[in-house]
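Colleague: Need a 3D model of the sequence below.
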Amino acid sequence: MKKYRIGQIVPSSNVTMETEIPAVFRSRETILPERFTFHSSRMRMKKVTKEELEAMDAMSLKCATELSDAHVDVMGYACLVAIMSMGRGYHCVSEVNLHQETIKNDFPTPIVTSAGALINGLKVLGAKKVAVITPYMRPLTDLVVDYIEHQGFEVVDSIALEIPDNLEVAAQDPMNLMEIYKRLDLTGVDVLVASACVQMPSLEAIDLIQKEVGIPVTSAAVCTTYEMMKKLGIEAKAPIGGELLSGKY
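Modeller: Below is the predicted model:
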């Protein structure tokens, strides 16, 4: 039985990444032999503002070093908007910088950022036109939309729930997304991102939404988990909530 250590670089106020990502891995454990443990290092952040996100991102290198001390098998940076607010394509820069920290600490570790994972997930799904739900304030949501579009996708529509407090983001009922998504214009959309934020819960809703809309529905957390599985070299079919949660690998 192969055991893997999953490392997560987490905003100090994030309480969802350490529940949703393990939940997907635990669902895998019910049908496949691999086992997983989860290990976190935290960066200070309470309010989801550009200033706090920039200050938080500067702490990520220290977190990468701490997690590499634990010899984790893969490392995930758990804040999509922190990366996307730093400028177009920054996930590539961040992933290189974090990996270099693990090299300097004598334990080279594969790196996943939730921002990069969402972009890669959309590519795997063959997305061209997408719709996005975020909990962010509208200016930050616009940065996320611009970032995604710069990566080659058209964002047909987006919803900004405009929740600045990160703990309030985590307190959202994921089943509310069943009504929220109906405010989106899904004309021509081929992938719906039900939560472009690893702090806003969505796992319970995304498969139900997918059944209603008839197109792939994903989230930043699902894409991050999928990308982690790929980095570990274990089988993963598609970055779709229903696929990963039901064990259809």
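Colleague: where do the helices sit along the protein?
Modeller: For the chain, the helices defined by DSSP state H cover 17-29, 50-57, 60-69, 80-84, 90-104, 114-124, 138-150, 166-170, 177-180, 203-213, 220-232, 241-246.
Colleague: Mind putting those helices into a markdown table with mean pLDDT?
Modeller: Rendered in a markdown table, the data for the helices of the chain read as follows (pLDDT from 0 to 100):
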| stretch | mean pLDDT |
| --- | --- |
| helix 17-29 | 91 |
| helix 50-57 | 84 |
| helix 60-69 | 96 |
| helix 80-84 | 87 |
| helix 90-104 | 95 |
| helix 114-124 | 95 |
| helix 138-150 | 95 |
| helix 166-170 | 92 |
| helix 177-180 | 97 |
| helix 203-213 | 93 |
| helix 220-232 | 94 |
| helix 241-246 | 58 |
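Colleague: Adding mean neighbour count and distance to residue 1, write those helices out as TSV.
Modeller: Every residue, glycine included, has its C-beta placed from N, CA and C. As requested, those are exported to TSV (neighbours: other CB atoms under 10 Å; distance: least, CB to CB, whole Å):
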stretch	mean neighbour count	distance to residue 1
helix 17-29	19	10
helix 50-57	17	36
helix 60-69	20	23
helix 80-84	28	32
helix 90-104	17	25
helix 114-124	25	26
helix 138-150	19	38
helix 166-170	19	33
helix 177-180	16	36
helix 203-213	18	26
helix 220-232	26	14
helix 241-246	21	20
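Colleague: Let me have these in JSON lines, adding distance to residue 188 as columns.
Modeller: Rendered in JSON lines, the data for these read as follows (distance: least, CB to CB, whole Å):
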{"stretch": "helix 17-29", "distance to residue 188": "29"}
{"stretch": "helix 50-57", "distance to residue 188": "31"}
{"stretch": "helix 60-69", "distance to residue 188": "36"}
{"stretch": "helix 80-84", "distance to residue 188": "23"}
{"stretch": "helix 90-104", "distance to residue 188": "26"}
{"stretch": "helix 114-124", "distance to residue 188": "15"}
{"stretch": "helix 138-150", "distance to residue 188": "15"}
{"stretch": "helix 166-170", "distance to residue 188": "29"}
{"stretch": "helix 177-180", "distance to residue 188": "20"}
{"stretch": "helix 203-213", "distance to residue 188": "13"}
{"stretch": "helix 220-232", "distance to residue 188": "21"}
{"stretch": "helix 241-246", "distance to residue 188": "22"}
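Colleague: Out of those helices, flag the one nearest residue 44.
Modeller: Taking CB to CB as the measure, those were each checked against residue 44, and helix 50-57 came out nearest at 6.3 Å.
Colleague: ok, now which ones touch the nearest residue to residue 204 once chain neighbours are set aside?
Modeller: Closest residue to residue 204 in three dimensions, ignoring its sequence neighbours and counting by CB to CB, 6 or more residues apart in numbering: residue 174, at 4.6 Å. Taking CB atoms under 8 Å, 6 or more residues apart in numbering as the criterion, residue 174 is in contact with 195, 200-205.
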